[in-house]
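Chemist: heads up, no residue letters with this:
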């Protein structure tokens, strides 16, 4: 078995030796984390998720209520983090959040390095930390460089495994809850954590006289309390019914695979191929060791399998979903390299460094036409409206609100929530009847109570355009008139009659 082939786990290093080790390693990891995130600072934003979070944060700062007047299908920790960053440094730039993202990636690398060092020694720790940071940018830059959910979820997943490896079950549960409260799929790390709890049992200092069953039960109880208490606390602080609906029960149509099979599968295969290229230094050692042993390191395999299941969940296969695979894959590769010749480690690091350079170049040089469109559209919106007026942007680019510095007229920041177009769904399951339950009734009230001064139809031929959405079409016909076009987006102002 792989576990039998690897060196036995080392004892915890002495504090003085540990301080010397981290004094040498931390500067390297910090520098690498900064270098790999350089492209993230070269654009005002990278994808609609960043735009969505920025608009949410502004609305929360202006008195909005999460899961009531500010809604999304995600848990609240990241919107709160954006709100806090904006409160400290202003809401005109995402730079403060980008700095926090660098810290999140560094923390993930440090935790992985600590895990690897505890199991396989000093060299393995450095290898794991460096390899993780090198492959962390190995996707389309709009997925890898954006300061969005997965980037801030990964430190929590790594912390959960770090605590479980030390049999600190209550802390492991808190870390699992943190991962879930950043993004629901972060809770997948509970699978390997529970396995470690059941297989290891107990906690440091537990009585050796206690029956193993009781020790395991105690560990599971602490783990469960650590997971459940923060989630219930967050639900109580927001709105329990709204929290449950928006994070768990209200996304059935969004998670459906029907209607976009070819489109979604093509995206999934493309992103998998891109990630495989980025991991060209990691995959060969794992496959090579699998020829010798197909079992061992069970918690890492479970972590990888649970993360793969999280990527599959929802059937959308966005590139940033794949980031969840990187921590367990990095540790598996590090484990494999321990039983291969030393030159294999050098080859893995050099290969990963070359791939990292390729992706960094992509991030620095690749054009972002959708961002350019959103900026031109936002400039036009700002010209045609007053700061206190509300605007409705009918599209999938909520960043237009943020770039224009205008408040949205609706709590539904994208047309996806009202049509199920979310994620590029281009099949028959797009339209009013596939919207979030009850959304059109609320939307109708919003359009009556705070009629937008300007409506922007940014559908540009997509299947959620007004011609396929009768309620929107009637609203435009009754109250608005066309006043301009920007890159195919049609602007409507309130009729004067």
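Modeler: The structure has been received and is ready for your questions. Just so it is clear, the model here is predicted, and its values are computed rather than measured.
Chemist: quick one: the helices in the stretch 301-450 of the chain?
Modeler: Taking DSSP state H, counting those that start in this stretch as the criterion, the stretch 301-450 of the chain carries its helices at 326-337, 342-365, 369-384, 399-404, 416-419, 439-449.
Chemist: Give me the residues contacting the fifth one.
Modeler: The set of residues that contact helix 416-419 without belonging to it, under CB atoms under 8 Å, 6 or more residues apart in numbering, is 71, 396, 412, 422-423, 430-432, 434-436, 439-440, 443, 463-464, 469. Every C-beta, even on glycine, is put in place using the N, C-alpha and C of the backbone.
Chemist: now the fourth one
Modeler: Residues external to helix 399-404 that are found in contact with it (CB under 8 Å, 6+ apart): 44-45, 48, 50-52, 54-55, 58, 91, 371, 374-375, 377-379, 381-382, 385, 391, 393, 407-408, 413, 456, 458.
Chemist: ok, now the second one?
Modeler: The set of residues that contact helix 342-365 without belonging to it, under CB under 8 Å, 6+ apart, is 35-36, 38-40, 42, 123, 127, 130-131, 134-135, 137-141, 144-145, 277-282, 284-285, 333, 337.
Chemist: Kindly calculate the angle that it makes with helix 326-337.
Modeler: Here helix 342-365 runs at an angle of 150 degrees relative to helix 326-337 (axes from the mean of the first three to the mean of the last three CA atoms, to 10 degrees).
Chemist: Okay, residue 216 and residue 194: tell me how far apart.
Modeler: As for residue 216, its distance to residue 194 is 10 Å (criterion: CB to CB, to the nearest Å).
Chemist: Show me which of those two is the more surrounded one.
Modeler: Set residue 216 next to residue 194 and count neighbours by other CB atoms under 10 Å: residue 194 wins out with 22 against 18.
Chemist: pLDDT below threshold where in this structure?
Modeler: For the chain, the stretches flagged by pLDDT under 70 are 1-17, 201-212, 214-215, 252-260, 291-296, 423-428, 497.
Chemist: all strands in it, in order from the N-terminus.
Modeler: Chain-ordered strands for the chain, with DSSP state E as the definition, fall at 390-394, 407-408, 454-457, 480-486, 489-494.
Chemist: which of the residues in the longest one are buried?
Modeler: Of all the residues in strand 480-486, those buried under the rule 16 or more other CB atoms under 10 Å are 480, 486.
Chemist: Could you tell me the end-to-end distance of stretch 142-155?
Modeler: Distance between the boundary residues of stretch 142-155 (CA to CA, to the nearest Å) amounts to 20 Å.
Chemist: which residues touch residue 262?
Modeler: Residues in contact with residue 262 (CB under 8 Å, 6+ apart): none are found.
Chemist: ok, it to residue 320 distance?
Modeler: Between residue 262 and residue 320 the distance is 22 Å, computed by CB to CB.
Chemist: and the contacts of helix 399-404, which are buried?
Modeler: Burial by neighbour count, judged by 16+ other CB under 10 Å, picks out 44-45, 48, 50-52, 54-55, 58, 91, 371, 374-375, 377-378, 381, 385, 391, 393, 407-408, 413, 456, 458 from those.
Chemist: show me the contacts for the residue nearest to residue 398 when sequence neighbours are not counted.
Modeler: For residue 398, ignoring the flanking residues on the chain, the nearest one in space by CB to CB, 6 or more residues apart in numbering is residue 413 at 4.1 Å. By CB under 8 Å, 6+ apart, the contact set of residue 413 is 52, 55, 56, 72, 398, 401.
Chemist: a markdown table please, covering the residues you listed and showing distance to residue 494.
Modeler: Listed next are these as a markdown table, based on distance: CB to CB, whole Å:
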| residue | distance to residue 494 |
| --- | --- |
| 52 | 26 |
| 55 | 22 |
| 56 | 26 |
| 72 | 28 |
| 398 | 22 |
| 401 | 18 |
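Chemist: Out of the strands of the chain, which gets nearest to residue 77?
Modeler: Judged by CB to CB, the one of these that comes nearest to residue 77 is strand 407-408, at 22.0 Å.
Chemist: Give me the sheet partners of the closest one and which way each runs.
Modeler: Partner strands and pairing direction for strand 407-408 (DSSP bridges) are strand 390-394 (parallel).
Chemist: Distance from the strand it pairs with to the middle of the chain?
Modeler: From the chain centre to the centre of strand 390-394 is a distance of 26 Å (CA atoms, centre = their mean, to the nearest Å).
Chemist: ok, now stretch 490-497?
Modeler: Using CA atoms, centre = their mean, the distance from the centre of stretch 490-497 to the centre of the chain it belongs to is 38 Å.
Chemist: So what touches that stretch?
Modeler: 380-381, 384, 451, 453-457, 476, 479-485.
Chemist: and if you look at stretch 384-394?
Modeler: Under the criterion CB under 8 Å, 6+ apart, external residues in contact with stretch 384-394 comprise 377, 381, 400-401, 404-410, 415, 447, 450, 452-459, 464, 466, 472, 483-484, 491, 493.
Chemist: Please repeat the previous calculation with a cut-off of 6 Å.
Modeler: Defining contact as CB atoms under 6 Å, 6 or more residues apart in numbering, one finds that stretch 384-394 is touched by 381, 400, 406-407, 409, 415, 450, 452-458.
Chemist: tell me which of the residues you listed is nearest to residue 183?
Modeler: Proximity of the contacts of stretch 384-394 to residue 183, judged by CB to CB, is greatest for residue 415, which lies at 22.2 Å.
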